[in-house]
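[1] Structure, please.
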Amino acid sequence: MLYDFDVSGIIKRTGAYVKGAIWRAFEASHSGRVVVLLDEVDKSNKSMDAFLLRILEECAFDSPDGDIIEGNRDNLIFVLTSNGRREIRPEVLRRTQRFRFELPEGEIHRTIVATMTAAPNSMVSLACRVAESMRKGDDSELWASPKEVASLCNDLMLLPNRDKATIAAIVTSYMVKSADANVKRDTGFDAILAFASEMAKL
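    Predicted coordinates:
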């Protein structure tokens, strides 16, 4: 995120490193607003928290040459996302404003999924309905994300063999993430038949 060593540059003696995303963001912050997105920080090693602490608190880091690279704090916005897989250090959390976002439902869900697939609206609506019906229990990690719902639609659109067994296998692979989940029971209707009917229209 800060920099990477440039092996080719070292060999050719044209440069030893290339600037990473945060370095470029810090430079850009001196001429305008910049948003830095650090996605799913909870999947990183705990040592990442110490790195984040310095970046958030000091808005600076040391370059390989020993120079201090500083960002314009007034123009920098850091967005950190987490799925809660591990605890982030309290010192980091104290320097953030925290917001909790639930997975989207209804029309918002359908609109998001529709931007990621060329599937017809009726198939998108069906896939979203199935995904929302499958949201059981408190562990949202077991729920299909909008991206997975769109991927389901995309895979079905590309499917040359449209028999129910193949459709069931694809739907199950995206929607069922625990041993006690069942598409037909949890949705309350024959979702596989519904998908087969949608695909018959293509």
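[2] how much space between the most centrally placed residue in the chain and L103?
    By C-alpha atoms, centre = their mean, the chain has its centre lying nearest to D39, at 6.8 Å. Using C-beta to C-beta, to the nearest Å, we find D39 at a distance of 16 Å from L103. All C-beta spots, glycine's among them, are computed from the backbone N, C-alpha and C.
[3] my guess is the residue nearest to the centre of the chain meets F78, correct?
    No. In this structure, D39 is not within contact of F78 by C-beta atoms under 8 Å, at 11.7 Å.
[4] Can you show me the helices along this protein?
    Along the chain, counting by DSSP state H, helices occupy 7-12, 21-28, 47-58, 90-93, 106-114, 121-133, 146-158, 164-175, 183-187, 191-200.
[5] Flag every buried residue along the fourth one.
    To tie it back to what came earlier, the one meant is helix 90-93. By neighbour count on 16 or more other C-beta atoms under 10 Å, the buried set for helix 90-93 is V92.
[6] what's next to it, contact-wise?
    Applying C-beta atoms under 8 Å, 6 or more residues apart in numbering, the contact partners of helix 90-93 are D49, L52, L53, L56.
[7] And the fifth one, by the same measure?
    Contacts of helix 106-114 from elsewhere in the structure, counted by C-beta under 8 Å, 6+ apart, are 103-104, 121, 124-125, 127-128, 131-132, 146, 149-150, 153.
[8] just stretch 27-40 next, same as before
    1, 19, 21-22, 25, 52, 69, 71-72, 75-83.
[9] and if we set it to 7 Å?
    By C-beta atoms under 7 Å, 6 or more residues apart in numbering, the surrounding residues in contact with stretch 27-40 are 22, 25, 71-72, 75-83.
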